[in-house]
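Asker: prediction below, plus the sequence it came from.
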Amino acid sequence: MSCKFDFSLCSKRCKRLVQTTRHKFTGISIQIHDVGQYVWVRGPRKARCFMWVGDQKRWTLNYKYMKIGGKRMKTRIFSDRDSRQINTQTPELDLKIIVDYCKEIFRIPILDVIFNADGIRNFMKYVPMVTQCRSMHLKTETMSEEDLEAFKAQVIVERSFYINYKLINPNFPCGSDVLSNK
C-alpha cells in the first residue's frame, strides 16, 4: 500500500480532509526497546502503511524539520516515502506525539505493543503512550515487582497481555468497548 498523505503538508485544512477521507488503515503497532522505537500505521492484513523510527544519534546531514502534532522534529524521509526517522533525545515524548497524531488524524486504535523494558532506564515514561491497546507483549527480566504492578495498573489491554511470553491474569480489566475508533 502506498503512502497517500505527506505528513509534512498536514495543515489544519489538510488534517480535516484526511479525517473525512475513507482509508484502509486499521490501527497502530508499537515496538519499544533499548536500541530503537518503532511506530507503524497498519492496513489490511497488518500491512505496513507508514513507519516512524526513533533514533537518538546526532545527525548533521540529510534531514529536515517537520511539525507533527505541534512539535518541530528533526526528520529523515526514506526513499519509499512511507518510512520516516525522527531524531530525538526524548523518544518517550516524541513517539507519544506521533501516536496521538495518528490516532487523531486517522481515528484508529493501538493494535499491539511489544515492549522490551530491559535496558530502558525510564521505561515508565512510555506508559502514557500505551495505556490502551488490543494486545501487549512485555518482556523484562530486571523490572521490580512494584514497577510491574504499577505498569499493569496503568494499562488496559482488550485481548491478550503477555509478560515474558506467558499470558497473565485472564481476568485482566478489559472490555470490547474500551477501544473505539473515536
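Answerer: Received the coordinates, thanks.
Asker: for the closest residue to V127 other than its chain neighbours, give me the pLDDT.
Answerer: Spatial nearest neighbour of V127, chain neighbours left out: Q154 (5.0 Å); criterion: Cβ to Cβ, 6 or more residues apart in numbering. (C-beta placed from N, C-alpha, C; glycine too.) For Q154, the model assigns a pLDDT of 90.
Asker: might one say that Q154 is in contact with K125?
Answerer: No. Using Cβ atoms under 8 Å, Q154 makes no contact with K125, being 11.6 Å away.
Asker: which helix runs longest in the protein?
Answerer: Longest helix in the chain, counting residues (DSSP state H): helix 91-106.
Asker: what residues of it count as buried?
Answerer: Residues of helix 91-106 classed as buried: 91-92, 94-99, 101-103, 105-106 (neighbour count, 16 or more other Cβ atoms under 10 Å).
Asker: and of those residues, the nearest to D82?
Answerer: Closest approach to D82 among those (Cβ to Cβ): C102, at 13.2 Å.
Asker: may I have stretch 133-141 as CSV, with CA atoms only?
Answerer: Output of stretch 133-141 as CSV, limited to C-alpha atoms (Å, rounded to 0.1, in the frame of the first residue of the first chain):
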residue,chain,number,x,y,z
CYS,A,133,-4.2,-1.5,23.2
ARG,A,134,-5.6,-4.7,21.9
SER,A,135,-2.5,-6.8,22.8
MET,A,136,0.6,-6.2,24.9
HIS,A,137,3.8,-8.2,25.0
LEU,A,138,6.0,-7.1,27.8
LYS,A,139,9.5,-8.6,28.1
THR,A,140,11.5,-7.8,31.2
GLU,A,141,14.0,-9.6,33.4
